[in-house]
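Novice: What shape does this take:
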Amino acid sequence: MQALQDLHFGEWKSQYVNLGVLDGTQWSLELHFSNGQRTVSFSGSNSYPYIFDDFCSLIGERSDEETADE
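Specialist: Modelled structure (predicted):
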């Protein structure tokens, strides 16, 4: 739980877009809460929250930057 809190989802914008890239990466995330709080959604196209790499590491996914380094 602490790792999720450290991602500061409350600071994320609902949408991230970089119009300068024609063919890239799209992503989306929905958070559902067991306490009845409304679902929170985030998405992006070639743009990410400042702490997105930490989120990818937490869920076992690799970001585009990590795959480009290989």
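
Novice: The residue most central in space within the chain and residue 20: what is the separation?
Specialist: In the chain, the C-alpha nearest the mean C-alpha coordinate belongs to residue 52, at 4.9 Å (CA atoms, centre = their mean). Distance of residue 52 to residue 20, computed by CB to CB, to the nearest Å: 18 Å. Where C-beta positions appear, they are placed from N, C-alpha and C, glycine not excepted.

Novice: Same question for residue 49.
Specialist: 18 Å.

Novice: For those two, work out which one has more neighbours and name it.
Specialist: Taking neighbours as other CB atoms under 10 Å, residue 49 and residue 20 compare with residue 49 leading, 18 against 8.

Novice: Could you double-check that that one lies in contact with residue 13?
Specialist: Yes - contact criterion CB atoms under 8 Å: residue 49 and residue 13 qualify, at 7.3 Å.

Novice: Give me the common contacts of those two.
Specialist: Taking CB atoms under 8 Å, 6 or more residues apart in numbering as the contact rule, residue 49 and residue 13 both touch residue 42.

Novice: Tell me where the protein has strands.
Specialist: 15-17, 26-31, 40-45 (DSSP state E).

Novice: Next, count neighbours for residue 33.
Specialist: Neighbour number of residue 33 under other CB under 10 Å is 9.

Novice: Could you find the closest non-adjacent residue to it?
Specialist: Distances taken as CB to CB, 6 or more residues apart in numbering place residue 39 nearest to residue 33, at 7.6 Å, with adjacent residues excluded.

Novice: Return the per-residue confidence for the residue nearest to residue 30 when sequence neighbours are not counted.
Specialist: Spatially, and ignoring its direct neighbours in sequence, residue 30 is nearest to residue 41 (5.0 Å; CB to CB, 6+ apart). Here, the pLDDT recorded for residue 41 equals 97.
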